[in-house]
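Enquirer: give me coordinates for this.
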Amino acid sequence: MAVQLAHLPEVERLSPACIRILGGNPSKFTLQGTNTYLVGTGSARLLIDTGEGKPSWIAALKRTLEEEKATVQSALITHWHHDHTSGISQLLEHSPQTDIYKCEPTQGQLSISEGQKFQVEGATLTAVHTPGHTTDHMAFILQEEGVLFTGDNVLGHGTAVFEDLGAYLRSLAKMETLVSGRAYPGHGPVLPQASATIAEYISHRQEREKQVLQTLGSEKDDSLWTAMELVKIIYRGVPESLHIPAASGVVQILRKLQDEDKVVQEGEDRWRLKDRSSL
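Expert: Residues are numbered from 1 along each chain as shown. All right, here's what the predicted structure looks like:
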């Protein structure tokens, strides 16, 4: 049964220096829609992410800027996924003078690096490179509020997907030390106790890794397992419609364990324990 998500207003002031504007693209993957954030208190603001180019998003942004008597000085992109970048063209049509910053920039964009600071009246954002969800993923600390913009590494509901589990876990551990209170995620509602949520994310991934190792070692001989065979054991209480995406996560776990010399891959999708000391 689908989980009923909490209603989020299209535009909501989260603090004196931060307004959330939804991307107008709700779905099972984007939850209530992509969160974009207008940051600062003066006539020049910073914008975090641009949604996926829905007309309702640019209309809401224009309306908010008019009400705030403000313009967008710079847009900071958390990562390359289309639901965070496809509104860039709309933004530039409205505000050609806006600088677009992104880690691993494409043509016309400016680079973001670890520790780089972006400052407007009422807000100083510090960039933190947090790969895992994607290689170019960036988080941002709002210095004045001690708030962390988590991008898609940590969500307001459920768990996140990732390209590289090892890098993702290292980034989560890094992010956990950067925030003591609230966080503003790329999707979903505000996280009131972000460090606790991040700790839960880490624990969840560690538990899945433990389940994979235990399942691989459940036979007395060195049996070979496919990722889907592991899924059918580990996720046996989960609807089969979710088994394919779960298998992608299991493959990520297996690759991490392979890098740690705990499992061996034989063939395209056959895996076994290297030895039982891994258990």
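
Enquirer: strands of the chain, start to end?
Expert: 11-15, 18-22, 35-39, 44-48, 71-77, 99-102, 110-111, 117-120, 123-129, 138-142, 147-151, 183-185, 263-265, 271-273 (DSSP state E).

Enquirer: same for the fourth one, what does it pack against?
Expert: Read that as strand 44-48. If you count contacts as 3 or more Cβ pairs under 8 Å, 6 or more residues apart in numbering; DSSP states H and E, strand 44-48 packs onto strand 35-39, helix 55-68, strand 71-77, strand 117-120, strand 123-129. The way it works is simple: take the backbone N, C-alpha and C, and place the C-beta from them, glycine included.

Enquirer: can you say which of the ones you listed is nearest to A227?
Expert: Of all these, it is strand 123-129 that lies closest to A227, at 29.2 Å by Cβ to Cβ.

Enquirer: partner strands of that closest one, with direction?
Expert: Strand pairing for strand 123-129, determined by DSSP bridges: strand 117-120 (antiparallel), strand 138-142 (antiparallel).

Enquirer: mind saving the C-alpha coords of the shortest one as CSV?
Expert: Once side chains and other backbone atoms are set aside, the C-alpha atoms of strand 117-120 remain, and they are given as CSV (Å, rounded to 0.1, in the frame of the first residue of the first chain):
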residue,chain,number,x,y,z
LYS,A,117,31.4,30.0,0.1
PHE,A,118,28.5,31.9,-1.5
GLN,A,119,27.3,35.0,0.3
VAL,A,120,24.3,37.3,0.1
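
Enquirer: which parts of that strand are buried?
Expert: Residues 118, 120 are the ones in strand 117-120 that count as buried (16 or more other Cβ atoms under 10 Å).

Enquirer: tell me how far that strand lies from the chain's centre.
Expert: 22 Å (Cα atoms, centre = their mean, to the nearest Å).

Enquirer: check stretch 62-72 too.
Expert: That offset, for stretch 62-72, works out to 27 Å (Cα atoms, centre = their mean).

Enquirer: what's the answer for stretch 16-36, then?
Expert: Distance, centroid of stretch 16-36 to centroid of chain: 13 Å (Cα atoms, centre = their mean).

Enquirer: could you check how far the closest residue to K102 other than its chain neighbours is from L92?
Expert: Nearest non-adjacent residue to K102, counting by Cβ to Cβ, 6 or more residues apart in numbering: I77, 4.0 Å away. Relative to L92, I77 is positioned 13 Å away (Cβ to Cβ, to the nearest Å).
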